[in-house]
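> Generate coordinates for the sequence data below:
(one chain, ligands or ions: 2)
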Amino acid sequence: MNQPRPLFIGIMSGTSLDGIDAVLASIGSDGEAAIEAAQSAPFSEGLRKALFDLQSSGPDEIHRENEAANALAQAYGGLVKALLNHARKKASDITAIGAHGQTIRHQPQFGYTHQTLNPALLAEITGIDVVADFRSRDLAAGGHGAPLVPAFHAQQFQSDVDVAILNLGGIANLTLLPKIGEVKGFDCGPGNMLMDAWIEQHQQKSFDQDGTWATQGRLHEELLARMLSDPFFKKAPPKSTGRDDFHLAWLEKHIAKEVIEAVDVQMSLLHLTVLSTLEAVMLHAPQTQKLIVCGGGAKNIALMNLMRTKAPQLEIISSDSVGVDAQLVEALAFAWLAWAHKEKRPANLPAVTGAKGLRILGACYPA
Ligand SMILES: Nc1ncnc2c1ncn2[C@@H]1O[C@H](COP(=O)(O)OP(=O)(O)OP(=O)(O)O)[C@@H](O)[C@H]1O
Ligand SMILES: CC(=O)N[C@H]1[C@@H]2OC[C@@H](O2)[C@@H](O)[C@@H]1O[C@H](C)C(=O)O
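Ligands and ions are numbered 1, 2, ... in the order given. As a prediction, this is how the structure comes out:
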């Protein structure tokens, strides 16, 4: 009789700061992963603000960071319990949790990136082994420590055509999967983060549902051109980015002193995400036939429509249509990264991150 596949939990809270996604996944001996159950939860207002404030320096940083790390472990722990209840599983059924933590600083040029979380507390709360701190080993080997999902994408989205996977989270990142040849991947710039920040400032909404507000505006060509002139877009990979580089002050610098209707700025930001990502595909993998979009941005109808208008030669689909819920791809990737750690398999791709070689990622806090 076939042995049941081991179960892992993956937990992701990404740069959008919208909340936490958790998946329960079964993973086979070759790393083939399937979602068995999932739960998501928004951040409490207090924790969201604490994490947002930690993105830049300020008084009492060390104390505030440790408090946030504990609060995040409590929030992750609560979601793990809800997930186990929902799936009718016990802690002892789970091999390990892969927990990303919250990126509050990403400075690979100084040799560090920091994902806050108290993994020891998460192991204590759940009674399950916790694998965390996935990025630091790649950085220690000279890499960016990001993006890490390309190895998982290569496993999950293998295809008989040249395919690209685009994650549209706060930041956008691409994995280029040729039929033959090496997997490439890099961060390509802002995903939803600037659109989220702008609508929050002008409409007090956390995001532009389906891109409805953006479509009421007009594209401001000069603003778009100024934003696209940021050197990050032309930089050769390996490259990674975050809130450290793209934020409201960056946008305001490009608006300069010009008076532009807020809704036109939103439409221009929608174009920025679409054009910068498509240009990256065309520059680095012009042979691409199919683009699989995941992350919350895959749910933005206006954004997906604009992508299809600007790149009619590509088949552009959401990962939903190839069987993986677009919102859960990254959480599934962290379940897979925990599996890779437990199996002592390297999970970074040096061609993507720029590391000197393959490394086993993460550190384990036994239950
Ligand atoms: N229906 C929708 N319409 C428009 N945008 C949406 C919709 N649903 C989700 N989003 C966008 O997706 C974002 C969340 O995406 P996601 O959870 O993939 O990001 P993340 O994981 O936090 O970021 P990253 O991948 O950069 O770490 C929201 O902040 C919002 O901008
Ligand atoms: C430093 C950091 O947290 N980077 C995130 C962020 O969100 C998207 C993009 O920027 C990607 O580089 C990465 O996350 C995914 C999970 C990754 O490592 O592949």
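> In terms of helices and strands, where is Cys188?
Following DSSP states H and E, one finds Cys188 within strand 184-190.
> helices or strands up against the following helix or strand past that strand?
The helix or strand immediately downstream of strand 184-190 is helix 193-203, counting by DSSP H and E. On a contact count with 3 or more Cβ pairs under 8 Å, 6 or more residues apart in numbering; DSSP states H and E, helix 193-203 meets helix 248-255, helix 262-284. Every residue, glycine included, has its C-beta placed from N, CA and C.
> tell me which residues in stretch 174-181 are buried?
Leu174, Thr175, Leu176, Leu177, Pro178 (16 or more other Cβ atoms under 10 Å).
> which of those lies closest to Asn192?
Leu174 (15.2 Å; Cβ to Cβ).
> And stretch 302-322, what's buried?
For stretch 302-322, using 16+ other Cβ under 10 Å, the buried residues are 302-304, 306-307, 311, 314, 316-320, 322.
> export the residues you listed to JSON lines and tack on distance to ligand 1 and pLDDT?
What follows is the buried residues of stretch 302-322, written out as JSON lines (distance: Cβ to the nearest ligand atom, whole Å; pLDDT from 0 to 100):
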{"residue": "Ala302", "distance to ligand 1": "8", "pLDDT": "98"}
{"residue": "Leu303", "distance to ligand 1": "7", "pLDDT": "98"}
{"residue": "Met304", "distance to ligand 1": "10", "pLDDT": "98"}
{"residue": "Leu306", "distance to ligand 1": "12", "pLDDT": "98"}
{"residue": "Met307", "distance to ligand 1": "13", "pLDDT": "98"}
{"residue": "Ala311", "distance to ligand 1": "19", "pLDDT": "98"}
{"residue": "Leu314", "distance to ligand 1": "20", "pLDDT": "98"}
{"residue": "Ile316", "distance to ligand 1": "16", "pLDDT": "98"}
{"residue": "Ile317", "distance to ligand 1": "16", "pLDDT": "98"}
{"residue": "Ser318", "distance to ligand 1": "11", "pLDDT": "98"}
{"residue": "Ser319", "distance to ligand 1": "11", "pLDDT": "98"}
{"residue": "Asp320", "distance to ligand 1": "12", "pLDDT": "97"}
{"residue": "Val322", "distance to ligand 1": "17", "pLDDT": "95"}
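> Flag every residue of the stretch 201-350 of the chain that's near ligand 2.
Counting by Cβ under 6 Å from any ligand atom, the stretch 201-350 of the chain comes close to ligand 2 at Ser240, Gly242, Glu330.
> tally of neighbours for the residue lying closest to Pro42 once chain neighbours are set aside?
What sits nearest to Pro42 in space, not counting adjacent residues and going by Cβ to Cβ, 6 or more residues apart in numbering, is Gly19, at 3.9 Å. Using other Cβ atoms under 10 Å, the number of residues around Gly19 comes to 18.
> What values do phi and psi take at Gly19?
Phi and psi for Gly19, reported as degrees, to the nearest 10, are phi 150, psi -160.
> ditto for Pro178
phi -80, psi 160.
> Helices of the stretch 1-150 of the chain, residue ranges please.
Counting by DSSP state H, counting those that start in this stretch, one finds helices in the stretch 1-150 of the chain at the ranges 45-53, 61-87, 119-126, 136-140, 149-156.
> Spell out whether the longest one and ligand 1 are in contact.
No - under the criterion of Cβ under 6 Å from any ligand atom, helix 61-87 makes no contact with ligand 1; the nearest approach is 13.5 Å.
> That helix - what's its average pLDDT?
Helix 61-87 carries an average pLDDT of 98.
> helices or strands up against that helix?
Of the remaining helices and strands, those touching helix 61-87 by 3+ Cβ pairs under 8 Å, 6+ apart are strand 7-12, strand 19-27, strand 33-42, helix 45-53, strand 94-99, strand 102-107, strand 112-116, helix 119-126.
> Not counting the third one itself, show me its contacts.
So the one you mean is strand 33-42. 5, 7, 18-27, 48, 75, 78-79, 82-83, 86-87, 152, 155-156, 324-325, 327-328, 331-332, 335-336, 339 (Cβ atoms under 8 Å, 6 or more residues apart in numbering).
> What residue in the stretch 151-300 of the chain comes nearest to ligand 2?
As assessed by Cβ to the nearest ligand atom, ligand 2 sits closest to Ile171 within the stretch 151-300 of the chain, at 3.5 Å.
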